[in-house]
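>>> My questions concern the predicted model and sequence given below.
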Amino acid sequence: MVTRLIIALSVTVLLPAMPLPAQHPRPQSQQLPQITTRPTQSGIQTKEVSEADISAGIKRHIASDTKKSSDRKFHVKYGPKDLALDLIKVHDDRLSSLGGGKYFACVDMKATNGTIYDIDFFMTGQPGSMKVTETSVHKINGKPLYNWIEEGGVWKRVRVS
């Protein structure tokens, strides 16, 4: 009984202090504005990108690429493979502004063989004109290929051990 109490107290005290890898890059206490403007050096007002803008931007990108493809699938390179995928859902709870005009989105997509891929997208741009700059396969059937960890305010991709 005493041993169980000591273990329970140790876990309760030590576990919160241990850094755990994050699944997706996301600044702490993230609050994206819905629609705000800010002056630039030239004095022109620019809109800040909201989570809704990021979601719409990634959906627009996927729809555009799907429409251009002869098989009406979204194609992603994964090693030597060309994955032909259908959108399942955009993870609206994982959309992030990374600062410096860079944004992050994560989506689930499904291959014709039933395999589910979690795809990470990095984007830049303004509301209505978001451009995808990087795409990578993050998980296959829920198993991560890499994780994200924050070090000194910078999110870094780390291998899964």
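That came through fine. Everything numeric in this text was worked out from a predicted model, so none of it was measured.

>>> Count the neighbours of residue 97 for me.
Counted by other Cβ atoms under 10 Å, the residues lying close to residue 97 total 21. Yep, even glycine has a C-beta here, placed from its N, CA and C like the rest.

>>> for the strand or helix carrying it, which positions count as buried?
If you go by DSSP states H and E, residue 97 is part of strand 96-99. Using 16 or more other Cβ atoms under 10 Å as the test for burial, strand 96-99 gives 96-98.

>>> by contact count, what packs against it?
strand 102-111 (3 or more Cβ pairs under 8 Å, 6 or more residues apart in numbering; DSSP states H and E).

>>> Please export the C-alpha coordinates of the strand it packs on as CSV.
C-alpha atoms of strand 102-111 as CSV (Å, rounded to 0.1, in the frame of the first residue of the first chain):
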residue,chain,number,x,y,z
LYS,A,102,4.0,31.3,-42.2
TYR,A,103,1.1,29.0,-41.4
PHE,A,104,0.5,25.3,-40.7
ALA,A,105,-2.4,23.0,-41.5
CYS,A,106,-2.9,19.3,-41.0
VAL,A,107,-5.3,17.1,-42.9
ASP,A,108,-6.4,13.4,-43.0
MET,A,109,-6.5,11.9,-46.5
LYS,A,110,-7.4,8.4,-47.7
ALA,A,111,-5.8,6.3,-50.5
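
>>> Now that strand: buried residues?
102-109, 111.

>>> picking up where we left off before, average pLDDT across the strand holding residue 97?
Averaging pLDDT along strand 96-99 gives 84.

>>> now swap in stretch 139-155 and tell me
pLDDT averaged over stretch 139-155 gives 88.

>>> Centre of the chain to that stretch, how far?
10 Å (Cα atoms, centre = their mean, to the nearest Å).
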